[in-house]
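>>> next input, structure requested:
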Amino acid sequence: MPSIELLLTFSLACILLSLSPGPSNLYIMARSLSQGHQAGIAAAGGLAIGSLTYVVATALGLAAVFKYSPLAYIGLKLAGAAYLVYLGFQYLRAKPADIDTPKPLRHLSVPTIFRQSLVVELTNPKTALFFLAFLPQFVRDDAGSVTSQLLVLGLVYALIALCCDLLVAMLSHKLGKWLAGHSSFAYWQDKLSGGILLALAAFIVGEELQNTSQTS
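Take a look at the predicted model:
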C-alpha cells in the first residue's frame with residue numbers, strides 16, 4: 001500500500017488537475033445549465049465509470065509489465081515522465097482567454113447523458129495515456145503489490161475527480177458566472193498544474209538516475 005505521505009501528495013496533485021478548467025468540467029457545466037444538476041451528475045457519473053475502467057485496465061497491464069520485465073517497466077515509467085513534461089508545457093503555454101458560460105446543449109434523458117459520457121471517456125485516448133503516464137510515478141518497490149498500489153492510486157484519482165465533477169454540477173450556475181468574470185483563474189490554474197507536472201517528471205527522472213547509479 002502507498003504511504004500516507006505519498007497518498008497526500010498524490011491527492012493534492014489530483015485535486016489541482018481535476019479542478020483545472022477543461023473539456024470535462026465545461027461539458028458537465030453545460031449539461032447542468034441546460035437540464036439541471038441531475039443531468040450534470042449523470043454526466044459526471046458516466047465519466048467516472050469510464051475512468052474506473054481505465055484504472056483497472058492500467059493496473060493489470062502495468063503490473064504484468066513490472067512482473068515479467070522490470071526493465072521495460074522502468075522504460076515505460078520514463079516515457080510517462082516525458083509525457084508529463086509534454087503536458088506540463090502545454091499547460092504553461094496556455095494563453096489567457098475569456099471563459100464564456102457554456103452554451104446549452106440538446107436536451108437528452110438522464111440515462112442517455114450517462115451513456116454518452118461513458119462512451120466519450122472510454123473512447124478518449126488521452127485518458128489512457130494519462131493513466132499510463134501518471135499512476136506509475138507514485139508506485140514504490142517497497143510498498144507491496146504493484147497491482148494493489150496502482151488500483152489504490154487509480155481509485156483515489158477517480159474518486160477525487162468525481163467529487164470535483166459533482167461540485168461543478170451542483171454549483172454550475174454560480175461557477176459559470178464566476179469563471180466568465182475571472183478568466184485569469186484558468187490561466188494561473190494552468191500554470192500551477194503545468195508546474196506540478198514538470199516537477200513530478202523531474203523528480204521521477206532524478207530518482208531513476210539515482211537508483212541506476214546505486215545499482216551500477
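>>> quick one: Ile28 and Ser172 touch, right?
Yes: using Cβ atoms under 8 Å, Ile28 is in contact with Ser172, at 7.3 Å. C-beta: built from backbone N, CA, C; applies to glycine.
>>> which one of these two has more residues nearby?
Ile28 (29 against 25; other Cβ atoms under 10 Å).
>>> coming back round to it: quick one: common contacting residues for Ile28 and Ser172?
Gly40 (Cβ atoms under 8 Å, 6 or more residues apart in numbering).
>>> for Leu171, give me phi and psi.
Phi and psi for Leu171, reported as degrees, to the nearest 10, are phi -110, psi 20.
>>> do you know how far it is from Asp165?
Leu171 sits at a distance of 11 Å from Asp165 (criterion: Cβ to Cβ, to the nearest Å).
>>> higher neighbour count, those two?
Between Leu171 and Asp165, counting by other Cβ under 10 Å, Asp165 is the more crowded of the two (26 against 15).
>>> mind listing what that one touches?
Here Asp165 is in contact with Ser18, Ser24, Asn25, Ile28, Ala43, Ala44, Leu47, Ala48 (Cβ under 8 Å, 6+ apart).
>>> what is the most widely separated pair among those?
Ser18 and Ala43 (14.6 Å; Cβ to Cβ).
>>> report the buried residues of the strand or helix carrying Cys163.
Using DSSP states H and E, Cys163 falls within helix 146-170. For helix 146-170, a neighbour-count test (16 or more other Cβ atoms under 10 Å) marks 146-147, 149-154, 156-158, 160-162, 164-169 as buried.
>>> and that helix, average pLDDT?
The average pLDDT within helix 146-170 is 88.
>>> kindly report the same for stretch 59-75.
76.
>>> dump that stretch to CSV, restricted to CA.
The C-alpha coordinates for stretch 59-75 follow below in CSV (Å, rounded to 0.1, in the frame of the first residue of the first chain):
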residue,chain,number,x,y,z
ALA,A,59,-3.3,-1.5,-13.2
LEU,A,60,-3.5,-5.0,-14.6
GLY,A,61,-1.4,-4.2,-17.7
LEU,A,62,1.3,-2.3,-15.8
ALA,A,63,1.5,-4.9,-13.1
ALA,A,64,2.1,-7.6,-15.8
VAL,A,65,4.9,-5.5,-17.4
PHE,A,66,6.5,-5.0,-14.0
LYS,A,67,6.3,-8.7,-13.2
TYR,A,68,7.8,-10.0,-16.4
SER,A,69,10.1,-7.2,-17.4
PRO,A,70,11.1,-4.7,-14.7
LEU,A,71,13.5,-3.0,-17.2
ALA,A,72,10.6,-2.4,-19.6
TYR,A,73,8.6,-1.0,-16.7
ILE,A,74,11.3,1.5,-16.0
GLY,A,75,11.4,2.5,-19.6
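>>> hmm, who's touching it?
Under Cβ under 8 Å, 6+ apart, the answer for stretch 59-75 is Leu76, Leu132, Leu135, Pro136, Ser145, Val146, Thr147, Leu150, Leu151, Gly154, Glu208.
>>> so how far is the helix holding Cys163 off the chain centroid?
8 Å (Cα atoms, centre = their mean, to the nearest Å).
>>> and what of stretch 134-151?
With Cα atoms, centre = their mean, you get 17 Å for stretch 134-151.
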